[in-house]
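1. Take this sequence and fold it.
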Amino acid sequence: HATDAQFSSVAVLLDNGSLLERVAYSPYGVARHQWPADASGDGAVNSADLSIVLSSYGSITSSTYRSEADFNRDGSVDAADLAAVLSYAAALPEGALSSAGIANRTGYCGYRFAPETEMYLARNRWNSPPLGRWLRRDPAGSVDGLNLYEIVRASPVRYIDPLGMDAWDTSGPAYRDMNAEQRTAHRKKIKECVVRKLKELKARQDTYADDLAKYEAVRATNPNATAPTKPEMYDCADSAMTMLARCSKEHKSPLRLWASGKWYSHRDYNSIEAFEEDLRRNLGALNLMDHQNTRPQAWKDLEPGDLLLWDLRSHEDRSYGGHAAVVTEKKKCGESGEPCWKVIEGRLTGGMQEGEYTQPGAKDRWPGPERKGPLWEDRGRYWNWPEIGQ
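-> Down below sits the predicted model:
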């Protein structure tokens, strides 16, 4: 599939790049199917397209050349394009996404198309393009306004809604289109959010530990005592990734992470909770060390939200293969005032804990002849937004 900025499928192609069919959409997703040789864009292949091809003969350097008549995209309008346009075809009805022979089901905004009803399923709700509205109330409530049936806040050019529950604003530039100042601000915003959410979770875990101790002290003599509710508790990498996913949703910033030969993207899940669960199940500290997800950062240039990562696969202690800690605060340590970092670290058992590292201290955390870390050459890593923020 070839897709546009809204992730709508606008063309179906073979593996060699040959075009099978195209489709255009109204602002609310009503499809207009186009055959490969439809040069005029009216949905049919007829004499109008033949006239365009005949008047466009020549190479790409010719003044007569028109790209819409170069059906095989070989840089020349020639006999091959003429042969394609001579096979006349009638237009499919408005609203039809794909021909019966191809039967494409991925359409507007990447939603699943049902040809029987000409509607789209956006994971949690059905979308009716002719009506320009959802067919059921927003399961997330009034997050997008008081009208619970309204699609993308009645502004389909500005917003997208990949889950059918929460419209995301796309009016700002994509990360790849930001200038250096905007990219720095974007990364900082997301990383500060990760730190904030980790601190909030740690506070809940600390409160739980205190309440549990009080409960254990009285439950033998007070059978009516109520045990406190246990908060979320994750290991080192899972803590960081879970909060990254939540900050991605909070700031409407698309997220994907690489592991075991595939990308994990929030767009492939019915909810951000299901996405988080799959990240925790399939990714760990060693995956965060992959250059697709993080990139090196000099020790002195670390900032809150960056990562310290240790590769322990060759360490004499084989209890686990890697470890991750999230930087929360920069400090000056020791008499020399050397830079050091406070971190939050999830654990395999129990709540998160805070630590503090100088560069030599981080290097010596796991002493031994086979120690590797922190990665790489005593450098931290930070979230690689050009890749994961897409």
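2. as a whole number, average confidence for whichever strand or helix holds Arg183?
-> Arg183 belongs to helix 180-218 when assigned by DSSP states H and E. Over the span of helix 180-218, the pLDDT mean works out to 92.
3. What of stretch 321-339?
-> 86.
4. do stretch 85-102 as well
-> For stretch 85-102, the mean confidence score works out to 92.
5. Name the nearest residue to Gly322, sequence neighbours excluded.
-> Among residues not flanking Gly322 along the chain, Ala285 sits closest, at 3.5 Å (CB to CB, 6 or more residues apart in numbering). The C-beta positions use only the backbone N, C-alpha and C, and glycine is treated the same way.
6. Can you give me the neighbour number for Ser265?
-> When neighbours are defined as other CB atoms under 10 Å, Ser265 has 15 of them.
7. Quantify the burial of the closest residue to it other than its chain neighbours by counting its neighbouring residues.
-> Once flanking residues are discounted, Ser265 sits nearest to Arg256: 3.8 Å by CB to CB, 6+ apart. Neighbouring residues of Arg256 were enumerated by other CB under 10 Å; the total is 19.
8. can you check Lys188 too?
-> Quick note: Lys188 (other CB under 10 Å) scores 13 neighbours.
9. Could I get the contacting residues of it?
-> 303, 305 (CB atoms under 8 Å, 6 or more residues apart in numbering).
10. Roughly how far does the residue nearest to the spatial centre of the chain sit from Cys236?
-> Centroid-nearest residue in the chain, with CA atoms, centre = their mean: Leu255, separated by 2.5 Å. In this view, Leu255 and Cys236 are 19 Å apart by CB to CB, to the nearest Å.
11. what do you get for Arg187?
-> For Arg187, the distance to Cys236 - CB to CB - is 21 Å.
12. Neighbour count for those two, which is higher?
-> Between Arg187 and Cys236, counted using other CB under 10 Å, Cys236 has the larger neighbour count: 27 against 21.
13. what pLDDT does the more buried one get?
-> 92.
14. and it, what does it touch?
-> Counting by CB under 8 Å, 6+ apart, Cys236 has contacts 285, 323-325, 345-347.
15. go with 6 Å
-> Applying CB atoms under 6 Å, 6 or more residues apart in numbering to Cys236 gives the contacts 285, 323-324, 345-346.
16. need the contact list for Leu54.
-> So Leu54 contacts nothing (CB under 6 Å, 6+ apart).
17. Starting from Leu308, give me the distance back to it.
-> Taking CB to CB, one finds Leu54 at 66 Å from Leu308.
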